[in-house]
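Engineer: How does the following fold in three dimensions:
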Amino acid sequence: MKRNITAAIAIIAALSLAASAGTISGKVSGVAGESVVYVDTIQGKTFPPPTKSPVVDQKGLLFQPHITVVQTGTTVEFLNSDKVAHNVFWTNVGGNKKLGHNLGTWPQGEKRSFKFDNPGAVPLLCNVHPEMSGYIVVVPTPYSAATDKSGEYKIENVPDGSYTVTAWHEGAKNQSKPVSVSGETKADFTLSK
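Structural biologist: As a prediction, the model looks like this:
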């Protein structure tokens with residue numbers, strides 16, 4: 001009997017948690033290509049970093065994917081799949097030049113890793129191939145999404161509450177706005193370069 005009561009309480013708790021999570025969706029316009037939308041820092045809350053490390057590949061003289069979104073504290077693996085040596089470096093994180101870093105140069109098939117502890121956009125470059133560029137966008141919460149080609153996005157399972165949501169796009173000025181999440185919430189952005 002005690003086990004049934006415990007199971008019932010667990011089910012009720014899970015359902016109430018699911019009922020108190022919502023979705024933020026909308027559109028980013030004014031710019032072409034992929035943008036990133038994320039819930040900014042939530043006062044008094046910290047989130048454990050994901051245990052899985054995303055991979056940014058250097059393939060076909062490109063950073064693939066061109067934009068990678070990670071949560072603060074995530075370790076990213078940089079792979080070289082090209083037959084030529086590549087380098088990965090960045091001059092800043094979120095505009096802070098003190099956080100620039102150079103991982104060095106390495107041959108095909110090797111990986112280098114780096115843990116991103118500071119939020120902000122990280123402009124990736126290769127000093128062997130100056131035409132290469134990409135971005136790591138380090139966000140402070142697990143609530144983020146990249147837009148599709150039409151600028152649409154959806155961030156799911158956001159706990160009900162009031163937050164600041166920010167839109168980022170390569171070469172554009174960030175835009176933030178307050179939102180109150182309760183069920184389905186809309187937040188559209190118009191960015192300019």
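Engineer: Check for me that Ile136 belongs to a strand.
Structural biologist: Yes: membership of Ile136 in a strand is supported by DSSP: H, G, I helix; E, B strand; the rest coil.
Engineer: OK, contacts around it?
Structural biologist: Val56, Thr68, Val69, Val70, Val76, Trp90, Phe116, Ala121, Val122, Leu124 (C-beta atoms under 8 Å, 6 or more residues apart in numbering). To be clear about C-beta, it is placed using only N, CA and C from the backbone, and glycine gets the same treatment.
Engineer: now it: how far from Gly33?
Structural biologist: Ile136 sits 16 Å away from Gly33 when distances are taken as C-beta to C-beta, to the nearest Å.
Engineer: coming back round to it: next step: the contacts of Ile136 restricted to strands.
Structural biologist: Among those, DSSP state E puts Val56, Thr68, Val69, Val70, Val76, Trp90, Phe116, Ala121, Val122, Leu124 in strands.
Engineer: In these, find the pair that's most separated.
Structural biologist: By the measure C-beta to C-beta, Val69 and Trp90 form the most distant pair in the ones in strands among the contacts of Ile136, at 15.6 Å.
Engineer: mind listing what the nearest residue to Lys115 once chain neighbours are set aside touches?
Structural biologist: Distances taken as C-beta to C-beta, 6 or more residues apart in numbering put Thr75 closest to Lys115, at 4.5 Å, once the chain neighbours are dropped. Thr75 is in contact with Pro49, Ser53, Ser113, Phe114, Lys115, Phe116, counting by C-beta under 8 Å, 6+ apart.
Engineer: swap the cut-off to 10 Å and go again
Structural biologist: Pro49, Pro50, Thr51, Lys52, Ser53, Pro54, Ser113, Phe114, Lys115, Phe116, Asp117 (C-beta atoms under 10 Å, 6 or more residues apart in numbering).
Engineer: Name the SS class of Lys83, please.
Structural biologist: coil.
Engineer: center of this protein, which residue is that?
Structural biologist: Central residue of the chain (C-alpha atoms, centre = their mean): Val69, 2.5 Å from the mean position.
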